[in-house]
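> quick one, what's the 3D model for this:
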Amino acid sequence: MESERFTGIFTRLQARLHHAASRMLGSDDEAADALQDAFCALWGRRGEIVDERAAEGLAVVSVRNRCLDTLRRRRAHGTVALADGMEWAADTDDSDARELYHRVDSLIKTVLSERDRRILLLRDYSGWEMADIAAELGLTEANVRVVLSRARRAVAKAYKSASHD
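All right, here's what the predicted structure looks like:
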């Protein structure tokens, strides 16, 4: 794909990609870094890209992967962003908070399907908008809301059940 065409496609997608990355990361600066890294990586491969649809798909996936890498680095450094935007250290001295976090995290991993878990984490942990999740997963916003509601209920039910054992 020629340089001008590729740049035009990425520029057209920039606002949407930045918004999604910012919601995922909770930081405009990190979102801008993810976009820049994705653009640079794809620039080197622009000769392999055959059409506009492929360029758009690669841009979305590349930015998302950069965001996931950033989130993994954060997690490796011992902090996890919670839904309310607070950060708790995974190695906190508060053993009750640490135990609660690990119990809920374990329930999310065991009770939910991969799709349901992804929707829950994107919304509640990463703060994505319903429309962004729907677009990412190829679902309707209504479907995302239903899945999210059921996932939350399933985790709450499993937590209550495990607490009574």
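> could you list the low-confidence segments of the chain?
Within the chain, the segments meeting pLDDT under 70 span 76-98, 164-165.
> next, the buried residues of the helix or strand harbouring Asp116.
Per DSSP states H and E, Asp116 falls inside helix 114-120. Across helix 114-120, burial judged by 16 or more other C-beta atoms under 10 Å covers Asp116, Arg117, Arg118, Ile119, Leu120. Where you see a C-beta, it was placed from the backbone N, CA and C, and this is true even at glycine.
> nearest to Glu48 among those residues?
Among those, Arg118 lies closest to Glu48 (C-beta to C-beta), at 28.1 Å.
> just give the closest residue to that closest one, not the sequence neighbours.
Leu137 (7.3 Å; C-beta to C-beta, 6 or more residues apart in numbering).
> show me where the protein has its strands.
In the chain, the strands defined using DSSP state E lie at 79-81, 87-89.
> quick one: the helix holding Asp116 to chain centroid distance?
A distance of 10 Å separates the centroid of the chain from that of helix 114-120, by C-alpha atoms, centre = their mean, to the nearest Å.
> same check on stretch 2-14?
The answer for stretch 2-14 is 24 Å, by C-alpha atoms, centre = their mean.
> what lies in contact with that stretch?
Stretch 2-14 has contacts (C-beta atoms under 8 Å, 6 or more residues apart in numbering) with Leu35, Phe39, Leu42, Trp43, Arg46, Ile49, Glu52, Ala55, Glu56, Ala59, Val60.
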